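> Show me how the following folds:
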Amino acid sequence: MRNANLLMMGCLLSYTAAAAQEQPRVLKGGGHLLGETVEQFYSEGYVGELLRACQAGDWKSVNHMYNSSDHSSKSAAKDICAKQMLVKRRAAGGERVEYQGGGDQETLRADKFLLDGGRLVRIAMVYNAPLANIEGSHAKSYAELLAGLQEAYGAPTKSYAEEVVNAYGVKYDARRAVWMGKQDVISMTEQPGANGWTEIVAETVAEFNRAAQAPKSANPLQ
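Below you'll find the predicted structure:
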């Protein structure tokens with residue numbers, strides 16, 4: 001029986017557990033822990049650094065971190081900080097709030113978080129995998145990411161492939177994998193092709209069920 005804290009793929013997901021039936025797994029991605037409070041969320045990772053720069057009046061750093069088009073504008077930085085504080089107050093009040101994280105340029109990863117009821121209920125990480133190499137980057141393939149997850153969590157609860165069609169009408173077999181837990185769910189989705197990507201989502205069971213029960217968008221071509 002092991003008690004481990006594994007860091008995979010340079011901030012993919014970390015896992016700490018003695019055994020699944022004894023202790024719930026701890027899922028962390030993009031610098032944040034699934035289930036953490038709003039206060040914890042806004043004190044850690046990219047968002048924590050951004051708010052600390054706001055509080056210090058370091059407008060240059062604010063513009064740089066937020067990737068503002070005007071890096072020297074004090075008023076632009078103040079607007080960014082005001083918007084961040086407004087979103088934080090909404091989240092602290094229990095509203096459903098989405099937040100775009102800083103991601104990771106080296107692995108071409110983009111992060112998105114969902115806060116609801118005062119806690120972080122969903123972490124989504126999209127790893128872009130373009131066919132062309134980008135200097136200074138190390139894109140992660142579906143196979144690499146899957147291997148990391150399997151090392152930590154074992155075989156997925158279910159895995160399958162489904163046909164998808166890109167914007168040009170080209171059909172692909174896209175792979176899917178899901179690890180079901182008692183309190184959380186990890187899911188992995190592949191979008192193959194020239195501008196392909198792999199999305200890994202860690203979310204509470206309640207959030208997973210909520211998404212599954214949401215009405216599907218109608219196909220306008222049917």
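> Look up which helix or strand residue 90 falls in, please.
Taking DSSP states H and E as the definition, residue 90 sits inside helix 74-92.
> Any regions of this structure where pLDDT drops low?
Across the chain, residues meeting the criterion (pLDDT under 70) sit at 1-23, 68-72, 130-136, 216-222.
> Using CSV, list the CA coordinates for the longest strand along it.
Using DSSP state E to define each element, the chain has its longest strand at strand 119-130. Presented in CSV, the C-alpha positions along strand 119-130 are these (Å, rounded to 0.1, in the frame of the first residue of the first chain):
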residue,chain,number,x,y,z
ARG,A,119,-15.3,25.8,-4.2
LEU,A,120,-13.3,24.7,-7.2
VAL,A,121,-15.4,21.9,-8.9
ARG,A,122,-13.7,21.5,-12.3
ILE,A,123,-10.2,21.7,-13.7
ALA,A,124,-9.8,21.5,-17.5
MET,A,125,-6.4,21.3,-19.1
VAL,A,126,-6.1,21.3,-22.9
TYR,A,127,-2.8,20.2,-24.4
ASN,A,128,-2.4,21.4,-28.0
ALA,A,129,-0.6,19.1,-30.3
PRO,A,130,0.0,20.7,-33.7
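> For the helix holding residue 90, which outside residues touch it?
For helix 74-92, the external contacting residues (Cβ atoms under 8 Å, 6 or more residues apart in numbering) are 38-39, 41-42, 47, 50-51, 54, 59-60, 62-63, 66, 68, 70, 97, 99, 115, 118. No exception for glycine: its C-beta is placed from N, CA and C like everyone else's.
> burial measure for residue 84, as a count.
By other Cβ atoms under 10 Å, the residues close to residue 84 number 18.
> my bad, should have said residue 75
Using other Cβ under 10 Å, residue 75 has 9 other residues around it.
> ok, now residue 173?
The number of residues packed near residue 173 is 11, by other Cβ under 10 Å.
> List the contacts of it.
With Cβ under 8 Å, 6+ apart, residue 173 has these contacts: 161-164, 192.
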